[in-house]
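Q: From the sequence below, what's the structure:
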Amino acid sequence: MAIIRWDPFREMTQVQDQVSRLFDQVWGGRQESWLPAVDVFDQKDAVVVKAELAGMDPNDIQIEVEDNVLTIKGERRFEEKVDDERYYRVERRYGSFQRALALPQGVKADEISAAYEDGILTVTVPKAEEEKPKRIEVKAKKAVEAKKAEPVEAKKAEK
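A: Numbering: from 1, shown residues only. You can find the predicted model right below:
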């Protein structure tokens, strides 16, 4: 007969797992919200947003822009089935999420593009071309006449 050391935390963890399983059976799974990690950086001609959405179907991701606010939302579903539901840990986050990010002024909201590869969503927001200052040439109507009209004092000094 092997001697097993008593660990009160192990028993508490087992009770917590049983209660979680009971709630999952009654309410049909966990519906917790979560927030994906997001990087936002500036390039010469665009603002780029990268969101970590590993394991998601691209059809479950929605991207919207309204009033210069980029919103990324979606849902990661818990679909893995394990025989007899004998999980030791479930640490990955599931459920719906929504991230809203303010965009800088001067972007082309109607030309935003998005790509999903290797669990990373990349949203590219093109910048509007900066308007360069336009130089306006000043033209005198009668430049020759302006030279002829010399000050009276200069004429008097010559005499």
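
Q: Every contact and neighbour count from this point should use C-alpha atoms.
A: Noted.

Q: and the end-to-end length of stretch 110-125?
A: End-to-end distance for stretch 110-125, by CA to CA, to the nearest Å: 9 Å.

Q: any residues touching that stretch, and which ones?
A: Residues outside stretch 110-125 that contact it (CA atoms under 8 Å, 6 or more residues apart in numbering) are 46-56, 58, 107-109, 126.

Q: For these, pick the one with the most neighbours.
A: residue 53 (22 neighbours; other CA atoms under 10 Å).

Q: so who does it touch?
A: The neighbours of residue 53, taking CA under 8 Å, 6+ apart as the test, are 36, 119-121.

Q: ok so, going back, which ones among the contacts of stretch 110-125 are found in strands?
A: Among the contacts of stretch 110-125, DSSP state E puts 46-52, 126 in strands.

Q: List just the nearest of the contacts of stretch 110-125 to residue 76.
A: residue 56 (5.8 Å; CA to CA).

Q: For beta bridges, what are the partners of the residue lying closest to the closest one once chain neighbours are set aside?
A: Spatial nearest neighbour of residue 56, chain neighbours left out: residue 76 (5.8 Å); criterion: CA to CA, 6 or more residues apart in numbering. Residue 76 has these beta-bridge partners by DSSP bridges: residue 95.

Q: Quick check: the gap between residue 76 and residue 55.
A: Applying CA to CA to residue 76 and residue 55 gives a distance of 8 Å.

Q: on that earlier part again, farthest pair within the ones in strands among the contacts of stretch 110-125?
A: 52 and 126 (20.8 Å).

Q: Please produce CSV containing the ones in strands among the contacts of stretch 110-125, extended by pLDDT and distance to residue 115.
A: Output for the ones in strands among the contacts of stretch 110-125, formatted as CSV (pLDDT from 0 to 100; distance: CA to CA, whole Å):
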residue, pLDDT, distance to residue 115
46, 91, 15
47, 92, 14
48, 95, 11
49, 95, 11
50, 97, 10
51, 95, 11
52, 94, 12
126, 93, 14
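
Q: just those now: which is nearest residue 103?
A: For those, the nearest to residue 103 is residue 47 (8.3 Å; CA to CA).

Q: The closest residue in space to that closest one that isn't next to it in sequence: neighbouring residues, count only.
A: Take residue 47 and drop its neighbours on the chain: the residue closest to it by CA to CA, 6+ apart is residue 125, 5.1 Å away. Neighbourhood size, residue 125 [other CA under 10 Å]: 24.
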